[in-house]
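A.B. asks: Return a 3D structure for these sequence lines:
(2 chains)
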2 protein chains.
Amino acid sequence: MNIPSTSCYAVYAVIFISKRSAQESEYPETAKRMLKLAQEQPGFLGVVSARREDGVGVTISYWADERSIRAWRDQSEHQQARLKGRTKWYEGYSVQIAKIERAYSLDKTDKSAFVSKGLTNGE
Amino acid sequence: MNIPSTSCYAVYAVIFISKRSAQESEYPETAKRMLKLAQEQPGFLGVVSARREDGVGVTISYWADERSIRAWRDQSEHQQARLKGRTKWYEGYSVQIAKIERAYSLDKTDKSAFVSKGLTNGE
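C.D. replies: Residues are numbered from 1 along each chain as shown, chains lettered A, B, ... in the order given. Okay, here's the model as predicted:
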């Protein structure tokens, strides 16, 4: 799954849990654009996400340090997208910034569940 | 979504990213049983999970302290389930134990995306 290669040197995980509202307008293209922008950010290491049929989604992004996380939070286009998220796209969300203390993994294949720099989102 | 009420006092998040294999036997009932067992563990604060159609799933469980996480890892029935996970149910997985440093949230509704003690899994 290629997860170990990213998570082993990732220091921080940003956990984003959200519940989508019925409002779909602009969401897919913005999500795609934000993924591309995140991949260009210094310190971005990878992301994995999944969404249930009831609209609840879980996204984990991995970062090298706190500074990278703050820089991404403050990126102007991302700020505009976050505002639309708050007002239009999400019924609710929860964000946790967490420091990875240890990690382990098993990989029987070489298929990637991960979106790291240059790869496309599997969602 | 009731996420703030749990994540605000959660100290640790266990991130479990997995890729299911085609082997379905026993998985659903074991997953249900493990959820029930986890909810009975001291220090368990909540869980949220989502799985994509391609078999990739993300589960975050929240815990009060490291001791609770270790006790759950070493719980005998959970150990047996983890062995089956490694050998049968998963093509691969990645686990990260992370300490939550800060958290914020927005909640426009009171619908819960969360499985905390006594609630059932939305997946």
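
A.B. asks: residues in contact with the residue most central in space within chain A?
C.D. replies: Nearest residue to the geometric centre of chain A (C-alpha atoms, centre = their mean): A:S61, 3.9 Å. Taking C-beta atoms under 8 Å, 6 or more residues apart in numbering or on different chains as the criterion, A:S61 is in contact with A:13-14, A:16, A:38, A:44, A:46-47. In short, each C-beta sits where N, CA and C put it, glycine included.

A.B. asks: what's the closest of the residues you listed to chain B?
C.D. replies: Of all the contacts of A:S61, A:A13 has the smallest distance to chain B: 5.2 Å, by C-beta to the nearest C-beta.

A.B. asks: all helices in chain A, in order from the N-terminus.
C.D. replies: With DSSP state H as the criterion, chain A has helices at A:3-7, A:27-40, A:66-74, A:76-84.

A.B. asks: Let's test this: name the helix or strand in chain A with the lowest mean pLDDT.
C.D. replies: The helix or strand of chain A with the poorest confidence is helix A:3-7; it has a mean of 46 (mean pLDDT, DSSP states H and E).

A.B. asks: shaky segments in chain A?
C.D. replies: Flagging of chain A using pLDDT under 70 yields the residue ranges A:1-9, A:110-123.

A.B. asks: Which strands or helices does the lengthiest strand in chain A pack on?
C.D. replies: If you go by DSSP state E, chain A has its longest strand at strand A:90-107. Strand A:90-107 sits against helix A:3-7, strand A:12-20, helix B:3-7, strand B:90-107, with contacts defined as 3 or more C-beta pairs under 8 Å, 6 or more residues apart in numbering or on different chains; DSSP states H and E.

A.B. asks: buried sites along that strand?
C.D. replies: For strand A:90-107, the neighbour count (16 or more other C-beta atoms under 10 Å in any protein chain shown) marks A:90-98, A:100, A:103, A:105-107 as buried.

A.B. asks: A:S68 contacts A:P42, doesn't it?
C.D. replies: Yes: counting by C-beta atoms under 8 Å, A:S68 touches A:P42, with 5.8 Å between them.

A.B. asks: Appreciated, that's everything.
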